[in-house]
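In: here you go, sequence then predicted model.
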Amino acid sequence: MNNQQASKEIVVAGLITDENGRVLIVKPSHKEGWIFPGGYVEIGEAPSNAFIREMRAELGVDLTTHPRLLSIDYRGLSDEYVMFIFDGGVFTEEMVNKIQLPPQLLEVRFVTPEEAKSMLRANSARRLLPTLKARSQTGIAYLEHQELL
């Protein structure tokens, strides 16, 4: 066992749907493919506060309730990080019309979960169904994606 102190990135993302159950995904300008909206947690910042900040920065949306944690994903070895996925709620048509994208996001779409699975980057797609399932239940989905040595 290695006794080195782990250095992990901490990331937050949001599971947002519309009134028809379609999932909100965004296309960033700095990487290929589609992802959930979100970003990095700053030093000394709680993940829930980072989520609220990122939703404001990425979508121009101010959340009015404390976000519910839906899933935690640990990914290890070469690029170790922990992702917290929070429930961003169900967006009404009025809320959808108020979305304002920053320059680092090229596009936003609401797509069915099936479409999302095929459009999302591999790690995001892997998180989608367990996170959707956790949303309809009272628990939290804990996921681990370990790379093989």
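Out: Okay, I see it. Residues are numbered from 1 along each chain as shown.
In: where does residue 2 land on pLDDT?
Out: Note for residue 2: predicted pLDDT of 52.
In: give me every residue that touches the residue nearest to residue 130 when sequence neighbours are not counted.
Out: Here the nearest residue to residue 130 in space, its sequence neighbours aside, is residue 141; by C-beta to C-beta, 6 or more residues apart in numbering that works out to 4.0 Å. To be clear about C-beta, it is placed using only N, CA and C from the backbone, and glycine gets the same treatment. Residue 141 makes contact with 70, 71, 72, 130, 131, 133, 134, according to C-beta atoms under 8 Å, 6 or more residues apart in numbering.
In: ok, the fourth one to residue 27 distance?
Out: Residue 130 sits at a distance of 23 Å from residue 27 (criterion: C-beta to C-beta, to the nearest Å).
In: pretty sure residue 41 sits against residue 47.
Out: Yes: under the criterion of C-beta atoms under 8 Å, residue 41 makes contact with residue 47 at 5.4 Å.
In: which residues are common contacts for these two?
Out: Both residue 41 and residue 47 are in contact with 10, 12, 84, where contact means C-beta under 8 Å, 6+ apart.
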